[in-house]
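Colleague: the sequence isn't on hand, but the structure is:
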């Protein structure tokens with residue numbers, strides 16, 4: 001609401017209101033967590049609002065118009081005014097010529113507004129218009145307009161948390177008196193919405209077809225609102241606000257306007273989406289208390305420490321000096337992965353910890369393959385440098401194929417699984433990629449730094465030359 005927006009603007013991001021705020025809902029304490037651009041959920045674009053003035057010339061066929069002009073005369077007059085209008089004299093022209101009630105006092109000032117506040121023809125003209133320019137004559141159900149676009153800005157919104165103590169208001173007793181009134185006509189009565197083309201000018205239109213009950217509701221609504229707008233809402237947003245030209249009793253209607261084929265298709269898709277009988281069903285539910293969740297995290301870290309220690313012990317006992325080097329490389333691997341998680345940033349859940357622990361095992365698996373091949377080469381009497389290179393060369397295809405297959409599996413899990421499993425797959429993916437780096441580059445570098453005479457001692461590498 002505007003009240004909360006104004007309060008959040010004064011408080012600032014990351015701060016809590018120092019005083020208790022009195023709003024239309026009651027008494028509130030507010031914490032502002034984030035400030036961001038407002039995104040249109042249908043177009044995924046930043047929403048904007050514009051500031052404008054307009055000059056209106058109505059004609060005698062319009063209800064309530066007292067200008068006495070015919071439609072042709074009104075059009076000619078607005079064209080004449082367009083030729084004279086500049087941003088500097090626009091307000092004066094409005095006061096002298098506009099047929100809008102109150103124009104002499106307000107000067108055609110409309111203030112700031114976003115989409116959904118004006119009729120479609122007016123919005124289609126003013127939003128693409130450049131700031132500081134005056135539009136060509138725009139026709140709406142109110143007459144002909146000239147529009148001076150004064151300014152444009154992105155709409156910003158705040159993410160807030162609040163503590164609210166509600167109080168009774170007038171609306172609790174007399175009901176909502178908003179601009180739009182809900183009707184019984186909902187999406188479940190819509191059979192289909194399709195795109196068709198007007199046979200006269202080939203312009204795109206959206207055709208609606210209701211079932212029998214929907215046709216009755218629609219007929220009642222259109223009879224009550226001839227010459228007025230009716231609005232179609234999806235998820236709380238108005239997606240179309242056509243004007244009713246006449247009562248529609250056949251259960252079929254056409255929404256026409258100045259939109260292109262893409263816009264017509266989008267509107268039909270939204271209408272059909274609102275007609276889908278899609279219930280909300282509980283797929284998965286997890287309840288974890290604060291103490292149980294902390295205990296699970298602590299146990300997971302403990303399992304990680306124990307697993308790392310057992311792996312290190314196995315590598316040292318079985319591979320001796322190369323095993324010690326692999327443990328050092330494994331420690332570097334762990335630091336790199338945790339650094340990535342910190343920079344990303346990644347919140348380690350239980351499934352994420354499981355993926356990290358599993359990736360440690362895969363990092364060791366690469367070292368096992370390399371050392372096994374290297375020991376075989378040393379047994380066959382190869383020189384240390386040659387044994388290291390040959391060991392890595394022979395182990396690489398197995399390491400590559402194993403890790404690639406794991407990465408493919410992780411990608412599938414990330415794309416198609418639930419959020420819990422995605423956490424496991426993401427941490428495992430990061431771990432596998434880093435393990436390939438540490439096994440191929442860091443471990444190899446350490447082995448090449450070992451003096452050759454050290455590896456001539458059989459007990460340091462756990463093998464005997466032939």
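Modeller: Yes, it's here. Note that the structure is predicted; figures quoted are calculated from it, not measured.

Colleague: which residue packs closest to residue 399, ignoring adjacent ones?
Modeller: If the residues on either side of it in the chain are set aside, residue 399 comes closest to residue 366, at 4.8 Å by CB to CB, 6 or more residues apart in numbering. C-betas here are computed from N, CA, C, even on glycine.

Colleague: kindly report the same for residue 46.
Modeller: Distance criterion CB to CB, 6+ apart; nearest residue to residue 46, sequence neighbours excluded, is residue 37 at 4.7 Å.

Colleague: doesn't residue 45 make contact with the one you found?
Modeller: No - taking CB atoms under 8 Å as the definition, residue 37 is not a contact partner of residue 45, at 9.6 Å.

Colleague: neighbour count winner among these two?
Modeller: Ranked by neighbour count (other CB atoms under 10 Å), residue 37 and residue 45 place residue 37 first, with 12 against 9.

Colleague: how about the helices in the stretch 1-150 of the chain?
Modeller: Taking DSSP state H, counting those that start in this stretch as the criterion, the stretch 1-150 of the chain carries its helices at 2-11, 71-84, 90-97, 103-106, 120-126.

Colleague: out of those helices, deepest packed?
Modeller: For the helices of the stretch 1-150 of the chain, the stretch with the most neighbours on average is helix 120-126, a mean of 20; neighbours defined as mean count of other CB atoms under 10 Å.

Colleague: helices or strands next to it in the packing?
Modeller: Contacts of helix 120-126 with other secondary structure elements, assessed using 3 or more CB pairs under 8 Å, 6 or more residues apart in numbering; DSSP states H and E, are made with strand 48-57, strand 138-140, strand 143-154.

Colleague: quick one, which of those is nearest to residue 209?
Modeller: strand 138-140 (27.6 Å; CB to CB).

Colleague: from residue 413, how far off is the residue nearest to residue 399?
Modeller: Relative to residue 413, residue 366 is positioned 21 Å away (CB to CB, to the nearest Å).

Colleague: name the residues that touch stretch 416-425?
Modeller: With contact meaning CB atoms under 8 Å, 6 or more residues apart in numbering, stretch 416-425 is reached by 284, 349, 351, 352, 354, 355, 409, 410, 411, 413, 414.

Colleague: what mean pLDDT does it have?
Modeller: pLDDT averaged over stretch 416-425 equals 78, rounded to a whole number.

Colleague: for it, buried residues please.
Modeller: Buried residues in stretch 416-425, defined by neighbour count with 16 or more other CB atoms under 10 Å: 422, 423, 424, 425.

Colleague: what strand or helix carries residue 337?
Modeller: With the criterion set as DSSP states H and E, the secondary-structure element containing residue 337 is helix 321-343.

Colleague: identify the residue spatially nearest to residue 212, adjacent ones excluded.
Modeller: residue 251 (7.1 Å).

Colleague: surely the one you found meets residue 209?
Modeller: Yes - under the criterion of CB under 8 Å, residue 251 is in contact with residue 209, at a separation of 6.6 Å.

Colleague: the two: who's more crowded?
Modeller: In terms of neighbours (other CB under 10 Å), residue 251 is the more surrounded of residue 251 and residue 209; the figures are 19 against 15.

Colleague: got a list of what that one touches?
Modeller: Counting by CB under 8 Å, 6+ apart, residue 251 makes contact with 209, 210, 211, 212, 214, 215, 218, 219.

Colleague: switch the cut-off to 7 Å
Modeller: When the contact criterion is CB atoms under 7 Å, 6 or more residues apart in numbering, the partners of residue 251 are 209, 210, 214, 215, 218.

Colleague: which of those fall within helices?
Modeller: Secondary structure from DSSP state H places 214, 215, 218 of these in helices.

Colleague: who wins for neighbours among these?
Modeller: Counting by other CB under 10 Å, residue 218 has the largest number of neighbours within the ones in helices among the contacts of residue 251, with 24 neighbours.

Colleague: hmm, back to that, can you redo the contacts of stretch 416-425 as CSV with neighbour count and secondary structure?
Modeller: Conversion of those to CSV gives the following (neighbours: other CB atoms under 10 Å; DSSP: H, G, I helix; E, B strand; the rest coil):
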residue, neighbour count, secondary structure
284, 7, coil
349, 19, coil
351, 20, helix
352, 22, helix
354, 18, helix
355, 24, helix
409, 13, helix
410, 22, helix
411, 12, helix
413, 19, helix
414, 16, helix
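
Colleague: can you give me the domain boundaries for the chain?
Modeller: Using automatic domain parsing, the domains assigned to the chain come out as 1-34+160-170, 51-149, 182-275, 293-461.

Colleague: how far away is residue 86 from residue 127?
Modeller: The gap separating residue 86 from residue 127 is 22 Å, by CB to CB.

Colleague: between the two, who's got more neighbours?
Modeller: The residue with more neighbours, out of residue 86 and residue 127 and counting by other CB under 10 Å, is residue 127; that gives 16 against 9.

Colleague: mind pulling the model confidence for that one?
Modeller: As predicted, residue 127 sits at a pLDDT of 92.
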